[in-house]
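Asks: Starting from these lines, generate the structure:
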Amino acid sequence: MTTTADLRAIADSRATLYKLLSCLYLEEVDVETLKALCALRFENAPEAIAAPAARLRARCEAMTDDTLRADLEALAVDYARIFLGAGVAEGDAAVPYESVYTSPQRLLMQNSWESVRRAYLERGIAVKPRIGLYEDHLGVELGFMASLAAQDGSAETTEALLEELRFEETFLRDHLLGWVPRLAADVRRIKGTTGFYQDAADLTEAWLALDAETLRDLREELQSEEVSDKAASDN
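Replies: This next block holds a predicted model:
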């Protein structure tokens, strides 16, 4: 049986990882993000998650004070090349917007953009993309999931928590899981000089799949407990 303390710990760890992943896509990596990656640990995690997480951690740990500036510059170059198409005449890039991966003409601000905006409004979570970004940017969607997960830990009733979990499952299914695997494939195809963002894409894709399973298992367990409690009270 999952205790209240367990639920809060799960919510906190989910929120922390979603926030970290969000930072990887919103802008170029900075020192604070590197520190967070160095602390990244997955106990008993599936290989699909543990392997890229370990590679990212090893990359960060290998950076020294002497190499840090050059390392950050190399990561910034990779970010610009992979996500912005910088330095490539034909503009080949893994543009991190849901609309680009779900609209026939790969355009920005299409139906999925409108859909995620409605989702943000429905949950009453203020989402303010940085200047130049739209609401269906991967970093923004991951940040939204971080906010949702953080709220799970403060749910006052089982029914309230179930409502939150159902919403998160739906958002994952209808949005992130529907396009991030294709983005990750493009990141792996385009590559870069450091390999950093390939590992980040592997981790992101694997984490979303695992989190969907986690949410489903938690929801089913809570629903079962709710039914048992109701049956006991009726007797």
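Asks: Glu169 - how many residues pack around it?
Replies: Neighbouring residues of Glu169 were enumerated by other CB atoms under 10 Å; the total is 18. (Each C-beta comes from the backbone N, C-alpha and C, glycine too.)
Asks: Please report how far it lies from Ala155.
Replies: Separation of Glu169 from Ala155 (CB to CB, to the nearest Å): 15 Å.
Asks: Glu47 too?
Replies: 32 Å.
Asks: quick one: low-confidence ranges for the chain?
Replies: Low-confidence segments of the chain, defined by pLDDT under 70: 87-91, 227-235.
Asks: rerun at 50
Replies: Along the chain, the parts satisfying pLDDT under 50 run over 89.
Asks: now the helix ranked longest in it: how far from the chain's centre is it?
Replies: Longest among the helix segments of the chain by residue count, using DSSP state H, is helix 196-234. Relative to its parent chain, helix 196-234 has a centroid offset of 15 Å by CA atoms, centre = their mean, to the nearest Å.
Asks: Could you give me the buried positions within that helix?
Replies: Neighbour counts over helix 196-234 (16 or more other CB atoms under 10 Å) mark 196-209, 211-212, 214-215, 218-219, 222 as buried.
Asks: Repeat that for stretch 170-185.
Replies: 171-172, 175-177, 179-181, 183-184.
Asks: okay, the residues you listed in a markdown table with secondary structure next?
Replies: Putting the buried residues of stretch 170-185 into a markdown table (DSSP: H, G, I helix; E, B strand; the rest coil) gives the following:
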| residue | secondary structure |
| --- | --- |
| Phe171 | helix |
| Leu172 | helix |
| His175 | helix |
| Leu176 | helix |
| Leu177 | helix |
| Trp179 | helix |
| Val180 | helix |
| Pro181 | helix |
| Leu183 | helix |
| Ala184 | helix |
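Asks: can you map out the helices along this structure?
Replies: In the chain, the segments counted as helices under DSSP H are 4-26, 31-38, 47-62, 68-84, 98-102, 111-123, 138-152, 158-171, 177-190, 196-234.
Asks: Of all the ones you listed, which one is nearest Arg130?
Replies: Nearest to Arg130, of all these, is helix 4-26, at 6.6 Å by CB to CB.
Asks: Next, the buried residues of that closest one.
Replies: Buried-residue list, helix 4-26, by 16+ other CB under 10 Å: 7, 10-11, 14-26.
Asks: Relative to Ser99, which of those residues is nearest.
Replies: Using CB to CB, the buried residues of helix 4-26 come closest to Ser99 at Tyr25, 15.1 Å.
Asks: and the closest one, what is it in contact with?
Replies: Contacts here follow CB atoms under 8 Å, 6 or more residues apart in numbering; on that basis Tyr25 touches 83, 96, 137-139, 142, 200.
Asks: 10 Å instead, please
Replies: Residues in contact with Tyr25 (CB atoms under 10 Å, 6 or more residues apart in numbering) are 79, 83, 94, 96, 133, 137-143, 183, 197, 200-201, 204.
Asks: Give me the nearest residue to it, chain neighbours excluded.
Replies: In space, and not counting its chain neighbours, Tyr25 is closest to Gly139: 3.8 Å by CB to CB, 6 or more residues apart in numbering.
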